[in-house]
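Enquirer: compute the structure for the input listed below.
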Amino acid sequence: MARQPTQETVKPGVRVGVRTRSLSPDRLGFIRQLGATDVFVDHADTEEEPDDFNDRDGTATLAVGRDSIPSVEELTAARERIEDADLRLTGIQSLPYSLYGDIMFDRDGKEEALDQITTLVENLGEAGVPILGYQWNPRGVVPMRTESVELRGGADGTGFDLDELEGFDDTDGLAPGLDRAYTEEEFWEYYENFLETVLPVAEEAGVRMALHPVDPPVIEELGGIPRLFRNAENFERAMELVPSDNHGLKLCLGCFSQMGEDVTEVLRRFGAEDDIVFIHFRDVVGTVPRFHETFVDEGNFDTVEAVRVLEEIGYDGVVIPDHVPRMTGDDDWRHRARSFTIGYLRGVVDAVESEA
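Expert: Numbers count the residues shown, from 1 in each chain. Predicted coordinates:
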């Protein structure tokens, strides 16, 4: 059966994409069948997740980690494999903590880490991959979630309750592995040094860097670790610290919902400055210090109104389902819940575009 190409004629505006670690033919074919258009590759970090790493030829995963930077050839092979499935490789979802942790804490090894990150940015540019997501969030040091919550029909959603956190009173309240507390100004200084090194390389390579909020947000510090990107004001400071058209936001709507922010106003606020690179489209019930993730159609904010605002601000980019619940019969990628979310978002996007 001949395949009808569609990517060449994808119109500008809001597009629904996915994040995936697997680049197998079955996974890519399934993504295209759902009507998604863009793919962000989840790294398979050989240090953090060795059991998930398969090979270096792009058929199963794309390894991104400390001392494991994909070459131009590997990135190009991944892009071509995705394009052969009538999809677009739009970016790398995120840098793993093993790559930026030493920079974040100003530890020995930070120069080597910076060299590896700038090499990755250069390789992405040469391979024609336009976006690199990243975050400033020490995952594995500060817990991201606590107990799960039962959702409608018995689906499983992740939750967070600050009162359930343990292990931060072992060494004068410090998180495990830390020998001292860090101040917020120290963290801003280390972060600025990161931007001063990486953003000029990104500009030269034609790659946009996209910053994700800390998760969970709002809490000023946990275990002696400042939580810099916990509110909209600190995101504005991040954008102004080293101004660059190649720096923007991986705008996670769920994180801003957890903060108790008006998500539509956040979209207008950063959309006005063209700071939104791509969007994690998810929602929660509740706010910090206690919330749980849920289906995209029943959280704190109105999904339809959020998409209307994207249309209003002229957003031309990708929205990605993220942190979907686990439904009955789901695989590790949560394919059933992800399918529901993609279909729901595509329906909302089409309806809003028809209104416009």
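Enquirer: which SS class is the nearest residue to G159 once chain neighbours are set aside?
Expert: Among residues not flanking G159 along the chain, H292 sits closest, at 3.7 Å (C-beta to C-beta, 6 or more residues apart in numbering). Where you see a C-beta, it was placed from the backbone N, CA and C, and this is true even at glycine. Assigned state for H292: strand (three-state reduction, DSSP: H, G, I helix; E, B strand; the rest coil).
Enquirer: residue contacts, H292?
Expert: S148, V149, L151, G157, T158, G159, F160, V284, V285, G286 (C-beta atoms under 8 Å, 6 or more residues apart in numbering).
Enquirer: show me how to select, in PyMOL, the buried members of these.
Expert: The buried residues among those can be selected in PyMOL (16 or more other C-beta atoms under 10 Å) with this line:
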select buried, resi 149+151+157+158+159+160+284+285+286
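Enquirer: distance from the helix or strand hosting E73 to the middle of the chain?
Expert: Under the criterion of DSSP states H and E, E73 resides in helix 72-84. How far helix 72-84 lies from its chain's middle: 21 Å, per C-alpha atoms, centre = their mean, to the nearest Å.
Enquirer: in that helix, what counts as buried?
Expert: By neighbour count with 16+ other C-beta under 10 Å, helix 72-84 contains the buried residues E74, L75, T76, A77, A78, R79, R81, I82, E83.
Enquirer: among the contacts of H292, which are located in strands?
Expert: In strands, judged by DSSP state E, the following of the contacts of H292 are found: V149, G157, G159, F160, V284, V285, G286.
Enquirer: how about JSON lines for those, with distance to A205 and pLDDT added?
Expert: Shown next, in JSON lines, are these (distance: C-beta to C-beta, whole Å; pLDDT from 0 to 100):
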{"residue": "V149", "distance to A205": "42", "pLDDT": "94"}
{"residue": "G157", "distance to A205": "38", "pLDDT": "95"}
{"residue": "G159", "distance to A205": "39", "pLDDT": "93"}
{"residue": "F160", "distance to A205": "36", "pLDDT": "91"}
{"residue": "V284", "distance to A205": "35", "pLDDT": "97"}
{"residue": "V285", "distance to A205": "40", "pLDDT": "97"}
{"residue": "G286", "distance to A205": "40", "pLDDT": "97"}
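Enquirer: adding distance to D102 as columns, could you present those in CSV?
Expert: Shown next, in CSV, are those (distance: C-beta to C-beta, whole Å):
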residue, distance to D102
V149, 35
G157, 33
G159, 31
F160, 27
V284, 31
V285, 36
G286, 34
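Enquirer: what's the closest of those to L62?
Expert: Taking C-beta to C-beta as the measure, L62 sits nearest to G157 out of the ones in strands among the contacts of H292, at 28.3 Å.
Enquirer: do you know how far the closest one is from G343?
Expert: 19 Å (C-beta to C-beta, to the nearest Å).
Enquirer: what's opposite the residue nearest to G159 in the beta bridge?
Expert: Note on H292: beta-bridge partners by DSSP bridges are G159, V285.
Enquirer: and it, what's its pLDDT?
Expert: The per-residue pLDDT reported for H292 equals 95.
Enquirer: can you point out the buried residues in stretch 200-214?
Expert: Buried residues in stretch 200-214 (16+ other C-beta under 10 Å): V201, A202, E203, A205, V207, R208, M209, A210, L211, H212, P213, V214.
Enquirer: relative to the whole chain's centre, how far out is that stretch?
Expert: Chain-centre distance of stretch 200-214: 13 Å, with C-alpha atoms, centre = their mean.
Enquirer: and what of stretch 318-337?
Expert: A distance of 15 Å separates the centroid of the chain from that of stretch 318-337, by C-alpha atoms, centre = their mean.
Enquirer: quick one: end-to-end distance for it.
Expert: One end of stretch 318-337 sits 19 Å from the other (C-alpha to C-alpha, to the nearest Å).
Enquirer: contacts for that stretch next, please.
Expert: Against stretch 318-337 from outside (C-beta under 8 Å, 6+ apart): 14-22, 27, 30, 37-38, 40, 90, 151, 153-158, 252, 254, 278-282, 293-296, 310, 338, 340-342, 345, 349.
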